[in-house]
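Chemist: model the structure of this input:
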Amino acid sequence: MKNFTWWSPTIVIFGKGTIPQIADQLEAVGAKTALLLYGGQAVFKSGAYSQVTEALTKKGIAFPELGGIRPNPRVDKVREGIARVKASPVDAIVPIGGGSVFDTAKAIAAGACYDGDVWELFEGKIDGLKTALPIFGVLTASATASEVNTVGVISNPEKQAKTSISSPFLFPRVSIIDPAVQFSLPEEQTVNGGIDIMAHTMERLFDGYEDAELMDELGYALVRNMMRLIPDLIEQPDNYNARAEYAWAASMAHNGSLACGRPTRGDFASHKLGHSLSLLFDVPHGASLAVMMLAWARYLYRSHPLPFARFADGVFDVFEGTEEEQALEGIELLEDFFRSVGAPVTLRELDLTEADLPHLVENASTFLPFGVLKALDRADIEEIYNLAY
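Modeler: Predicted structure coming up:
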């Protein structure tokens with residue numbers, strides 16, 4: 001185990017009927033005005049919006065609103081939010097939604113306290129951020145763990161870039177997670193979110209580090225349980241216990257704890273490769289990960305069999321054969337699971353053509369180098385996208 005510092009200051013209020021407590025939390029810090037952020041109609045259908053606004057009204061807290069935040073959130077909406085906050089200051093940002101809404105909240109919270117254009121923070125000037133507006137969030141779709149971490153991912157179509165910021169200032173102060181408001185999520189979103197949770201875990205398991213076995217075992221257990229929970233929720237979307245375990249698994253997978261004792265925060269090459277898919281073709285994040293993680297693993301398992309073989313053993317009880325044989329069987333079983341829940345496993349299933357591959361390679365190459373198990377170069381990513389096709 002390597003030395004580490006793990007800091008998780010977010011207060012999580014978890015369970016049925018907890019959403020109205022958001023007003024108590026804002027009142028406790030003296031907030032008088034909060035900017036509400038949300039996406040589309042799902043926030044109204046789930047009842048989360050009405051629970052938040054009724055609670056804020058009772059406490060006399062004003063709530064200007066900014067809706068229309070889309071999946072794969074974009075910097076133009078962030079800039080709109082920043083302009084509104086700078087014109088009419090607020091005491092806090094209240095995202096009501098999933099990872100896209102929380103990520104947008106983080107970018108607005110940072111940009112409202114930064115003198116330059118917010119995209120400069122995404123281009124590496126995050127050290128210039130000295131503070132951020134506080135975030136008090138209500139989670140309505142679990143996947144990204146943005147509710148418990150410092151990371152915000154935003155797309156900039158003009159620059160052909162999808163990338164992230166991270167700062168300790170961007171930990172939400174409070175995140176409320178009521179799994180019951182996730183009953184109405186579409187099946188596809190449950191599947192994609194579950195794959196994102198699995199991918200956050202596997203990005204740590206596949207970093208090639210051999211001496212954090214406790215973290216590895218926790219990761220294997222998390223993946224195994226997601227393989228139980230996703231089918232359960234397809235069959236019974238209003239199963240509260242399954243929703244609750246799924247929601248907490250999402251927070252655990254990417255709150256930083258699985259990286260404790262490791263030399264890096266994880267590999268995340270598959271995420272980078274998937275970002276280009278989401279940016280250029282608006283592919284849902286989880287779907288992009290299902291395709292790219294399999295292709296990335298198939299590209300590397302022969303030269304780096306050990307982490308994949310250990311995964312095959314820890315998740316699928318594959319313990320016979322050479323390391324390379326175990327690794328390949330584990331990858332094939334993971335693909336079988338993705339197929340079983342209706343996830344795509346090739347670029348063709350995402351309606352891409354061979355003519356699209358050079359665009360993906362070109363876009364992903366702008367972020368090189370990336371990858372921990374192997375630092376990828378342009379030839380590597382070209383081959384991985386070809387394998388994904």
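Chemist: contacts, neighbours, all on C-alpha from now
Modeler: OK.
Chemist: what sits closest to residue 187 if chain neighbours are left out?
Modeler: residue 234 (6.1 Å; C-alpha to C-alpha, 6 or more residues apart in numbering).
Chemist: and that neighbour, what helix or strand is that in?
Modeler: Element membership for residue 234 (DSSP states H and E) is helix 213-235.
Chemist: report the buried residues of that helix.
Modeler: 215-220, 222-223, 225-227, 229-231, 233-234 (16 or more other C-alpha atoms under 10 Å).
Chemist: closest one of those residues to residue 167?
Modeler: Residue 167 lies nearest to residue 215 out of those, by C-alpha to C-alpha, at 23.8 Å.
Chemist: show me the contacts for that closest one.
Modeler: Contacts for residue 215 (C-alpha atoms under 8 Å, 6 or more residues apart in numbering) come out as 258-261.
Chemist: residue 381 too?
Modeler: Taking C-alpha under 8 Å, 6+ apart as the criterion, residue 381 is in contact with 273, 361, 364-365.
Chemist: and these, which of them are in helices?
Modeler: For the contacts of residue 381, the ones inside helices are 273, 361, 364-365, with DSSP state H as the criterion.
Chemist: redo these as TSV? Include neighbour count, pLDDT and distance to residue 133.
Modeler: Listed next are those as TSV, based on neighbours: other C-alpha atoms under 10 Å; pLDDT from 0 to 100; distance: C-alpha to C-alpha, whole Å:
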residue	neighbour count	pLDDT	distance to residue 133
273	26	97	31
361	21	97	37
364	25	96	32
365	20	95	34
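Chemist: between those residues, which is nearest residue 122?
Modeler: Lowest distance from residue 122 to those (C-alpha to C-alpha) belongs to residue 364, with 16.1 Å.
Chemist: on that earlier part again, and of the contacts of residue 381, the nearest to residue 106?
Modeler: With C-alpha to C-alpha as the yardstick, the closest approach to residue 106 among those comes from residue 273, at 23.1 Å.
Chemist: which parts of this protein are strands?
Modeler: 11-14, 34-37, 65-66, 92-97, 136-139, 151-156, 161-166, 174-177 (DSSP state E).
Chemist: partners of the last one, with directions?
Modeler: Sheet pairing of strand 174-177 (DSSP bridges) gives strand 11-14 (parallel), strand 136-139 (parallel).
Chemist: just those strands: most buried one?
Modeler: Ranked by mean neighbour count, these are led by strand 136-139 with a mean of 28 (mean count of other C-alpha atoms under 10 Å).
Chemist: just the mean pLDDT for it, thanks.
Modeler: In this model, strand 136-139 carries a mean pLDDT of 98.
Chemist: ok, residues contacting it?
Modeler: Applying C-alpha under 8 Å, 6+ apart, the external contacts of strand 136-139 come out as 19, 22, 25-26, 48, 92-98, 102, 147, 172-178.
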